[in-house]
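Enquirer: task: produce atomic coordinates for the following.
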Amino acid sequence: MNIKKTAAGIIIGLAMGVFSMISAIEISSGVGGFFSNSFDGGNKSDILYESIKDSWMGGGFNIFLDAAYAELNLGITFGNNVWETLIRNSYDWDDDDCYYSKWDTNFSTFKALNISLLVKYPFSLRENISLFPMAGIEYHWHLSEKQRGINIEYWDDPSRLWFKFGAGTDYNITDKIYIRHALLYGIGLSSKAERYARESFSWFYDDIRFKLHHGFTFKAGIGYKF
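Expert: Numbers count the residues shown, from 1 in each chain. As a prediction, this is how the structure comes out:
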């Protein structure tokens, strides 16, 4: 089963169900931009006295559909990946004073499609300002990646599912037009490519393990109420 189609289908199916149940509620849509990042995550191993730091940051554009208690997003991310290879300074596993020094750094650029469904609970702060906590899921659909202009081919699909939560605000400029800001914290699960790597190299890296990806997303956009 294709995990991309499955995850996208689940999100779209849930969104259709939510929006059909609350069709009587005021509907709005809008466009905006966002900035996202992911701190160190992925597969780890110390068997060769090395550790890999894998992080990325990027931004993009999105469109959203809102129905008071739910928000459906579709966006595209343009990002930069950074891999840092860190070398352990000590061969003594019981050395509490050991540290890692940076040995090599590699960069790549990537594009990804983001599909998310967030539920939220808005309440009024002032006549024209509302605040809402929000939480949900996002599928990071990896489209392409290049390093020094050459396409990177992964062993398997590097797309991943994220769980996100945070808060946002709406500022009503008029009865129909509003400005939206949101800040979310996310936790990213293992991708098929990472699982494949762990299974393929576990015979040699017997301490290989997975560390959750995590990072922030800041969004800003303008919406229109129908």
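Enquirer: show me where the chain has its helices.
Expert: 3-21, 192-201 (DSSP state H).
Enquirer: show me how far the last one is from its chain's centre.
Expert: Right, helix 192-201. In this view, helix 192-201 has its centroid 20 Å away from the chain centroid, taken as CA atoms, centre = their mean, to the nearest Å.
Enquirer: least reliable of the helices of the chain by average pLDDT, please.
Expert: Out of these, helix 3-21 stands lowest, with a mean of 63 (criterion: mean pLDDT).
Enquirer: list the residues that contact the closest residue to residue 226 other than its chain neighbours.
Expert: What sits nearest to residue 226 in space, not counting adjacent residues and going by CB to CB, 6 or more residues apart in numbering, is residue 27, at 5.1 Å. (C-beta placed from N, C-alpha, C; glycine too.) Going by CB atoms under 8 Å, 6 or more residues apart in numbering, residue 27 touches 19, 65, 66, 67, 225, 226.
Enquirer: tell me which residues are up against stretch 138-158.
Expert: The contact list for stretch 138-158 (CB under 8 Å, 6+ apart) reads 3-4, 7-8, 11, 73, 77, 81, 106-117, 159-162, 164, 186, 188, 191-197, 200.
Enquirer: counting residues, which strand of the protein comes out longest?
Expert: strand 100-120 (DSSP state E).
Enquirer: starting from it, tell me which strands it pairs with and how they run.
Expert: Strand pairing for strand 100-120, using DSSP bridges, gives strand 70-88 (antiparallel), strand 129-147 (antiparallel).
Enquirer: what's the closest of those to residue 169?
Expert: strand 129-147 (5.4 Å; CB to CB).
Enquirer: list the buried residues of that closest one.
Expert: 130, 132, 134, 136, 137, 138, 139, 140, 141, 142, 145 (16 or more other CB atoms under 10 Å).
Enquirer: and it, average pLDDT?
Expert: 94.
Enquirer: that strand to helix 192-201, inter-axis angle?
Expert: With axes from the mean of the first three to the mean of the last three CA atoms, to 10 degrees defining the directions, strand 129-147 sits at 50 degrees from helix 192-201.
Enquirer: show me how far strand 129-147 is from its chain's centre.
Expert: Distance, centroid of strand 129-147 to centroid of chain: 5 Å (CA atoms, centre = their mean).
Enquirer: understood, closing this out.
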